[in-house]
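Chemist: My questions concern the predicted model and sequence given below.
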Amino acid sequence: MRIKLERRPTPSRMMLIVTPIASVLATMLIGMLVFDLMGIDGARAVKDIFLSPLLLSYKWQDVALKAAPLIIIALGLAVGNRAQVWNIGAEGQYVVGALAAAGVGIAAGTAGGFFIVLAMVLTGVVFGALYALIPAILKTRWNVNEILSSLMLTYISLQILSYLVGGPWKDPNGRNFPATAPLTDSQSLPLLFTGSTVHLGVVIALIMPFVFWLMMSRSVFGYQVRVVGSAPQAARHGGFDAKQTIWIAMLIGGGMAGLAGALEFTGASHAINLGFPSGYGFTAIIVAFLGRLNPIGCLIAGIVLAVTYVGGQVAQTTVHIPNATAGIFQAMMLFFILGSEILVRYRPRIVTTAKPAVAGE
Amino acid sequence: MTPEFIVLVITGIVGLTTPILLAGLGELVVEKSGVLNLGVEGMMLMGALAGFGVTVMTFNPWLGLISAACAGAVLALLFGVMVLSLNSNQVATGLALTIFGIGVSSLIGSKMFQGRITPVFGSVFPNSLAKDPILQVFFGYSPIVYFALIMVPLVAWFLKSTRAGLILRAVGENDHSAHSIGYSVIGVRYAAIAFGGAMAGIGGAYFTMVITPMWSNELTAGRGWLALSLVVFAGWRTWRLLAGAFFFGILMSLELYAKGAGFSFVPSQFWAAMPFLMTVVALTFISSRGNVGASAPACLGKPFLP
């Protein structure tokens, strides 16, 4: 008896939806078993990480704040991944976006208000996109692998951040701590409700998936991205320019990461210190895949991953597991989702009797 | 510049070169078989953890070294199951492996080995040679360094002159042809992936067993990615990989010596960013010369469906 895989004539829609959910459930189950083996209360840990942020209403705004950058970055990355463009330097573009916003804020001095904040956010978008344009140019002009170049640029951006917040942009009243001066209220994103920490960026993160859904399913560009990614030969015959697709995919990915960075800075952190790059750019890659590269999927997956972040902090205090644990759960989810992708395109069949060999096999 | 200072600089460069040379050699063999494993950073961290942890617990660095190789190989085989048996996307799976390796090594490392130290796994030569101000340039290194240097001609010889190496390259250049004349594409790739993981694991162990014999999370700080760039930089050739590793080693050592050499007006972050900046420049230079860049294995990163 053995398992045989049969190619499905069309990708299974059911499996497209079932496998991400099953991946999350499998991650919870395996996590529980592994924690028990390590001598940690597994059921408690998994409950704290996956459920407590949803059950405790005062944790909801934390989830929303963490989900916003993840969703925004993942939307951009999903476009690239669909076109087989591998921008894994979103973390760097996120940092550059935030730094650009901070630069505008500092240049504006004490000025503030709607247009200054708008300028800060838009500059963040532009600089994030420009930073992603470097690997795009290197790729299309000199055939440089964009995975490596975009990642190298992330490490470079971290040094730029370290230099700026420790040098020219250091807060003079900050007790020599490497960080920018905290933003004034007039340079910050408005909050949705007084007394909460939820800012306008969360609303943007809720609207963007629908904008991207329209773009990907209704526009020529969306069609172009899908064709270039799934059938490069056909795309060439159809007159779609692969180089142009790479450029646009990278610009969108970088612009969205820059937007997320600028929103995080102006809305949530209000200052940039060495801890500002917290790995959203990398986690967003998981979000994009867990969301099956679908904009609405990214929205849901972003919330799921945000839950694990917030839950990881809860579990840190309740069952005393380090923060890194959330990362393990996130990676496990990605493993399951990638490993189960085969079920979307293939149908497993258990073959019990030995069939005669078919000629040509 | 005294000879002693030059010796100091050279030993420093060798130390920075060794981990990326080891991981790069492993990844070279993996890529030659047609597989792109982006999980080098994660495998290095698991090796760093296993090497350090076992050394701390058994007081035997040789056992630590073997454990590091095994830990890297085990993590690599997880990658192998995913991309070879389940046909998952190699880029995304490699990234997942790195995230997983960072998470697991941080969890176990900070829970079990934070604050522990071991003696440096240094030279096994007598002190009259290993500590000599001049002769230490030959004898003052950890056994891991000599292992890395021996592996260069061995890998070159294996790929170029052995039957197994020829099969491995055939699998990487044309998997369907190799399959149709009866070679196990999947089997060869599993073996290559395991070897790559073991080498990355030993490379990672160099950090925790030789450079700073203690645990800190994410201590490899991007060297796994430098090792990946190194393979492209070397144009998938073994001896050029050695030269490239030393080139990167020299770049990384600049950060240590720049201040002393009167470059203190340049911010230290510039020197820290230098290896990554130069990697981009070097990749551009190498990739733009089509004839060299073209030596990437033809099946690199593509799934194999018989």
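Modeler: The structure has been received and is ready for your questions.

Chemist: C-alpha from now on. contacts and neighbour counts both.
Modeler: Will do.

Chemist: Might one say that B:Thr284 is in contact with A:Leu138?
Modeler: Yes - B:Thr284 is within contact range of A:Leu138, at 6.8 Å (criterion: Cα atoms under 8 Å).

Chemist: what do the two both touch?
Modeler: A:Val144 (Cα atoms under 8 Å, 6 or more residues apart in numbering or on different chains).

Chemist: Could you give the backbone dihedrals for B:Val56?
Modeler: Backbone torsions of B:Val56, given as degrees, to the nearest 10, read phi -60, psi -40.

Chemist: what's the nearest residue to it once chain neighbours are set aside in contact with, if anything?
Modeler: Leaving out its chain neighbours, the residue that sits closest to B:Val56 by Cα to Cα, 6 or more residues apart in numbering or on different chains is B:Thr118, at 6.0 Å. By Cα under 8 Å, 6+ apart, the residues touching B:Thr118 are B:Phe52, B:Thr55, B:Val56, B:Phe59, B:Met209, B:Pro213, B:Met214.

Chemist: who wins for neighbours among those residues?
Modeler: B:Phe52 (33 neighbours; other Cα atoms under 10 Å in any protein chain shown).

Chemist: tell me the pLDDT at it?
Modeler: B:Phe52 is assigned a predicted lDDT (pLDDT) of 94.

Chemist: just checking, what packs against the helix or strand encompassing it?
Modeler: Using DSSP states H and E, B:Phe52 maps to helix B:40-58. Here helix B:40-58 touches helix B:3-32, helix B:61-80, helix B:90-108, helix B:185-206, helix B:223-233, going by 3 or more Cα pairs under 8 Å, 6 or more residues apart in numbering or on different chains; DSSP states H and E.

Chemist: all helices for the stretch 201-306 of chain B, in order.
Modeler: B:223-233, B:238-258, B:268-288, B:290-293 (DSSP state H, counting those that start in this stretch).

Chemist: so where is the chain shaky, pLDDT-wise?
Modeler: Chain wasn't specified; assuming chain A. Across chain A, the ranges flagged by pLDDT under 70 are A:1-2, A:353-361.

Chemist: that answer is for a different chain, and I need it for chain B
Modeler: B:1, B:259-264, B:290-294, B:306.

Chemist: Close to chain A: what parts of it are there?
Modeler: Residues of chain B lying close to chain A (Cα under 8 Å from any Cα of the partner chain) are B:82, B:86-89, B:92-93, B:96-97, B:99-100, B:102-104, B:106-107, B:110-111, B:222, B:225, B:228-229, B:267, B:269-270, B:272-273, B:276-277, B:279-280, B:283-284, B:287-288.

Chemist: Whichever of the residues you listed end up buried, select them in PyMOL.
Modeler: Of those, the buried ones can be selected in PyMOL as follows, counting by 16 or more other Cα atoms under 10 Å in any protein chain shown:
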select buried, chain B and resi 82+86+87+88+89+92+93+96+97+99+100+102+103+104+106+107+110+222+225+228+229+269+272+273+276+277+279+280+283+284+287+288
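
Chemist: what's the neighbour count on A:Val319?
Modeler: A:Val319 has 14 nearby residues by other Cα under 10 Å.

Chemist: Sorry, wrong one. I was asking about A:Arg8.
Modeler: Here the count is done by other Cα under 10 Å, and A:Arg8 has 13 residues near it.

Chemist: Against which helices or strands is the one helix or strand A:Ala234 maps to packed?
Modeler: Element membership for A:Ala234 (DSSP H and E) is helix A:232-237. For helix A:232-237, the contact count by 3+ Cα pairs under 8 Å, 6+ apart identifies helix A:220-230, helix A:242-263 as packing neighbours.

Chemist: and with 6 Å instead?
Modeler: Packing partners of helix A:232-237 (3 or more Cα pairs under 6 Å, 6 or more residues apart in numbering or on different chains; DSSP states H and E): none among the helices and strands.

Chemist: in that helix, what counts as buried?
Modeler: Quick answer for helix A:232-237 (16+ other Cα under 10 Å): A:Pro232, A:Ala235.

Chemist: Any chance you could list what contacts it?
Modeler: Helix A:232-237 has contacts (Cα atoms under 6 Å, 6 or more residues apart in numbering or on different chains) with A:Val227, A:Val228.

Chemist: can you rerun that using 10 Å?
Modeler: A:Ala83, A:Gln84, A:Gln224, A:Val225, A:Arg226, A:Val227, A:Val228, A:Gly229, A:Gly238, A:Phe240, A:Asp241, A:Ala242 (Cα atoms under 10 Å, 6 or more residues apart in numbering or on different chains).

Chemist: And stretch B:174-186, by the same measure?
Modeler: Taking Cα under 10 Å, 6+ apart as the rule, stretch B:174-186 contacts B:33-34, B:80-81, B:83-85, B:167-172, B:190, B:192, B:297-300, B:302-306.

Chemist: which one among the contacts of B:Thr118 gets closest to A:Gly113?
Modeler: B:Met214 (49.9 Å; Cα to Cα).

Chemist: how about the nearest residue to the closest one, chain neighbours excluded?
Modeler: That would be B:Ile117: by Cα to Cα, 6+ apart, it lies 5.0 Å from B:Met214.

Chemist: residue contacts, the one you found?
Modeler: B:Phe52, B:Gly53, B:Thr55, B:Val56, B:Thr208, B:Met209, B:Thr212, B:Pro213, B:Met214, B:Trp215.

Chemist: And for A:Ala271?
Modeler: A:98-99, A:102, A:165, A:171, A:179-184, A:264-265.
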